[in-house]
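Peer 1: pasting a predicted model and its sequence here:
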Amino acid sequence: MSAHYVIAIDGPAASGKGTLARRLARHLGFAYLDTGTLYRAVGKAVRDGGGNPEFESDAVFAAQNFAHSLKAEDLQNPALRTDEAGQDASKVAKYPQVREALLQFQKDFAASPPEGIAGVVMDGRDIGTVICPDADVKLFVTASTEVRSKRRYLELTAKGLKTSMEAVMADMTERDARDSGRDTAPLKPAEDAHILDTSMLDADAAFAAALAIVLKGLQRS
Ligand code: DC
């Protein structure tokens, strides 16, 4: 048993894992890291430098530079939250050297929460499988492609962006295929992960289900 708790939350885009992870962390008083933001920041650094996130050398160069000077404020930029930033993140994330450059920051976060904090919640694609294989609780949050696309569509149109369900679903399917199909740390549930399908659940019901799994898991660890 470690001195603090580690909760690993993985899942595909728009599964609701980010909202759940943040809410769990707040409820439990744990530290929280959205690891997708790291990949988003690397994708943005590539673009800002005039490079192409599809090119391995551009992605690796940006990731190694970014990892050297990584500060928490870098992760707060609202420009990282767009769908384009998500696609760019997914492109750079398939390169092993990009993942390697971001590994230590994530492991350090998991290993040492701030003084007085009893645990950490981290969300991403490979937290339960690669970053924190010994996590006290692992959740894999998922939902059908249709439900995830609809949620994303409503989110985007609520922000005033013009798009169609078809376009959103095509983007979602492309990102899922890239994240699940890559050779290094693909998106997949850890063998000991609890699968939570939120297709039929609203945000409160999903939170209640996740909290029940987490509290049971923490009692056992
Ligand atoms: O969770 P998100 O949508 O912010 O993630 C953006 C992309 O970053 C995602 O499509 C794949 C990549 N990613 C990853 O490969 N590993 C992680 N732990 C987190 C995100």
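Peer 2: Done, it's in.
Peer 1: who's in contact with the most centrally placed residue in the chain?
Peer 2: When CA atoms, centre = their mean is applied to the chain, the residue found nearest the centroid is G124 (2.5 Å). Counting by CB atoms under 8 Å, 6 or more residues apart in numbering, G124 touches I9, D10, D34, T35, G36, Q106, I131. For the C-beta atoms, the positions are set from N, CA and C on the backbone; glycine is no exception.
Peer 1: scan those residues and report the most crowded one.
Peer 2: Among the contacts of G124, I9 has the most neighbours (other CB atoms under 10 Å), with 31 neighbours.
Peer 1: tell me which element that one falls in.
Peer 2: Per DSSP states H and E, I9 falls inside strand 5-10.
Peer 1: do that strand and the ligand meet at all?
Peer 2: No. Using CB under 6 Å from any ligand atom, strand 5-10 stays clear of the ligand, with a minimum separation of 7.4 Å.
Peer 1: just checking, what packs against that strand?
Peer 2: Contacts defined by 3 or more CB pairs under 8 Å, 6 or more residues apart in numbering; DSSP states H and E place strand 5-10 against helix 17-28, strand 119-124, strand 137-142, helix 203-220.
Peer 1: okay, the angle between that strand and helix 203-220?
Peer 2: 140 degrees (axes from the mean of the first three to the mean of the last three CA atoms, to 10 degrees).
Peer 1: can I get the helices and strands packed on strand 5-10 in JSON lines including mean pLDDT?
Peer 2: Shown next, in JSON lines, are these (pLDDT from 0 to 100):
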{"stretch": "helix 17-28", "mean pLDDT": "97"}
{"stretch": "strand 119-124", "mean pLDDT": "98"}
{"stretch": "strand 137-142", "mean pLDDT": "98"}
{"stretch": "helix 203-220", "mean pLDDT": "96"}
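Peer 1: wait, a helix at L33?
Peer 2: No. Assessed with DSSP: H, G, I helix; E, B strand; the rest coil, L33 is strand; it does not lie in a helix.
Peer 1: wait, isn't it in contact with V120?
Peer 2: Yes. Contact criterion CB atoms under 8 Å: L33 and V120 qualify, at 6.9 Å.
Peer 1: can you list residues touching both of those two?
Peer 2: Here L33 and V120 share the contacting residues F109, A110, scored by CB under 8 Å, 6+ apart.
Peer 1: got the residues of this protein near the ligand?
Peer 2: 13, 35-36, 39-40, 86, 89-90, 93, 124-126, 175, 179.
Peer 1: can you show me the helices along the protein?
Peer 2: Secondary structure of the chain (DSSP state H): helices at 17-28, 36-48, 56-68, 83-92, 96-111, 145-158, 165-181, 203-220.
Peer 1: I'd like these laid out as TSV, including distance to H194.
Peer 2: Below are the helices of the chain laid out as TSV (distance: least, CB to CB, whole Å):
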stretch	distance to H194
helix 17-28	12
helix 36-48	20
helix 56-68	31
helix 83-92	25
helix 96-111	19
helix 145-158	19
helix 165-181	19
helix 203-220	5
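Peer 1: for the ligand, see how far away I7 is.
Peer 2: If you measure I7 against the ligand using CB to the nearest ligand atom, to the nearest Å, the figure is 14 Å.
Peer 1: great, nothing more from me.
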